[in-house]
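**Q** how would this look folded up:
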Amino acid sequence: MKKVIDRKTYNTETATLIHEWDNGYYGGDFKRCSETLYKTQKGAWFIAGSGGAMSKYAVSLGSNTTGGSSDIEVVTREEALEWLEGHDGTDAIEKHFADMIEEA
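**A** Now for the predicted structure:
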């Protein structure tokens, strides 16, 4: 998937995959949602996601109907860390955000 946002290209083919997550629903389920955190070669962070008609990726198809879709969202480094904390990304946090965490 590729998208230009603010005159910058975000491409899942050329960025580094950091962490994948899905909500466990079967691929055809309307509630299905999957997201992947990426880091570009220049250090920008983004999430590529897709989902069904009852997910956060739902789009209006008109006539009171919705369908699934996919999208790319640019996030800050801090938002990427927060996303990982909420999506079981401990290994990725330790690898990419060691400078932002500490022992409790």
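
**Q** okay, CA-based contacts and neighbour counts for the rest of this
**A** Fine.

**Q** would you list every one of the strands in the protein?
**A** 2-5, 8-11, 16-22, 33-39, 45-51, 59-62, 65-67, 69-75 (DSSP state E).

**Q** Quick check: chain neighbours aside, which residue is closest to the most centrally placed residue in the chain?
**A** In the chain, the residue lying closest to the centroid (Cα atoms, centre = their mean) is Ile47, at 2.7 Å. Of all residues not flanking Ile47 in the chain, Leu37 sits nearest, at 4.5 Å (Cα to Cα, 6 or more residues apart in numbering).

**Q** Just the mean pLDDT for the longest helix belonging to the chain, thanks.
**A** Determined from DSSP state H, the single longest helix within the chain is helix 77-86. Taken as a whole, helix 77-86 carries a mean pLDDT of 98.

**Q** how far off strand 33-39 does it point, in degrees?
**A** 140 degrees (axes from the mean of the first three to the mean of the last three Cα atoms, to 10 degrees).

**Q** And helix 77-86, how far out from the chain middle?
**A** 10 Å (Cα atoms, centre = their mean, to the nearest Å).

**Q** per-residue confidence at Gly28?
**A** So, for Gly28, pLDDT stands at 86.

**Q** surely it meets Gly52?
**A** Yes. In this structure Gly28 lies within contact range of Gly52 using Cα atoms under 8 Å: 7.5 Å.

**Q** okay, the two: which has more neighbours?
**A** Gly52 (23 against 11; other Cα atoms under 10 Å).

**Q** Name the residue most distant from the centre of the protein?
**A** Distance to the chain centre peaks in the chain at Ser63, reaching 29.0 Å (criterion: Cα atoms, centre = their mean).

**Q** Which phi and psi values does that one adopt?
**A** phi 50, psi 40 (degrees, to the nearest 10).

**Q** Tell me which residues touch Ala58, please.
**A** By Cα atoms under 8 Å, 6 or more residues apart in numbering, the contact set of Ala58 is Gly51, Gly52, Thr66, Gly67, Gly68, Ser69.

**Q** starting at the chain centroid, how far to stretch 96-103?
**A** The answer for stretch 96-103 is 21 Å, by Cα atoms, centre = their mean.
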